[in-house]
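**Q** I would like to see how this sequence folds:
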Amino acid sequence: MHPHQMIEQTARDSYGRLVALLAVRWRDLAAAEDALANAFLAALESWPATGVPDKPEAWLLTTAQRRLIDGTRHARVHAGAEQTLITMAKNAQQWAGPEASFPDERLKMLFICAHPEIDPAVRTPLMLQSVLGL
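**A** Here you go, the predicted model:
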């Protein structure tokens, strides 16, 4: 059977069962439907090249579950990044307050540019570029 026909047949026979299984396990019907749709899209892209797997339903279920896992990881990273960005913004607001200003670190940069491990011919241009912006 042609891969596209097999995908269509599998969708007709197993779509409801696969969505129900994913929705019950992940407790999110919309995410289960999206993940299964992505799994069918992946099947349309890969099965014509690699051939239809022995157990197409299992392949689709595994692919959909991986999409759900990736989505959960992405949401977790996004939530963590959001809190970090809020903290950074609060810190920046403290520095930018009317009574405080950003510290002047130019002298420290000059000493870093004058480090003995840096080639002497490069030190002065490095100082001019990094400290003065020339």
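
**Q** only C-alpha atoms from now on, for both contacts and neighbour counts.
**A** OK.

**Q** any idea which element residue 49 lies in?
**A** helix 29-50 (DSSP states H and E).

**Q** who does that helix touch, helix- and strand-wise?
**A** Contact analysis of helix 29-50 by 3 or more Cα pairs under 8 Å, 6 or more residues apart in numbering; DSSP states H and E lists helix 3-26, helix 56-95 as its packing neighbours.

**Q** residues contacting the closest residue to residue 47 other than its chain neighbours?
**A** Excluding the flanking residues, the one nearest residue 47 by Cα to Cα, 6 or more residues apart in numbering is residue 3, at 6.0 Å. Residue 3 sits next to 44, 47, 48, 51, 52 when contact means Cα atoms under 8 Å, 6 or more residues apart in numbering.

**Q** give the ChimeraX command for selecting the buried subset of those.
**A** The following ChimeraX line selects those of those that are buried, judged by 16 or more other Cα atoms under 10 Å:
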select :44,47,52
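
**Q** next secondary structure after the least confident helix or strand in the chain by mean pLDDT?
**A** The helix or strand of the chain with the lowest confidence, counting by mean pLDDT, DSSP states H and E, is helix 106-113 at a mean of 83. Of the helices and strands lying after helix 106-113 in sequence (DSSP H and E), the nearest is helix 120-130.

**Q** got the buried residues for that next one?
**A** For helix 120-130, using 16+ other Cα under 10 Å, the buried residues are 123, 126, 127.
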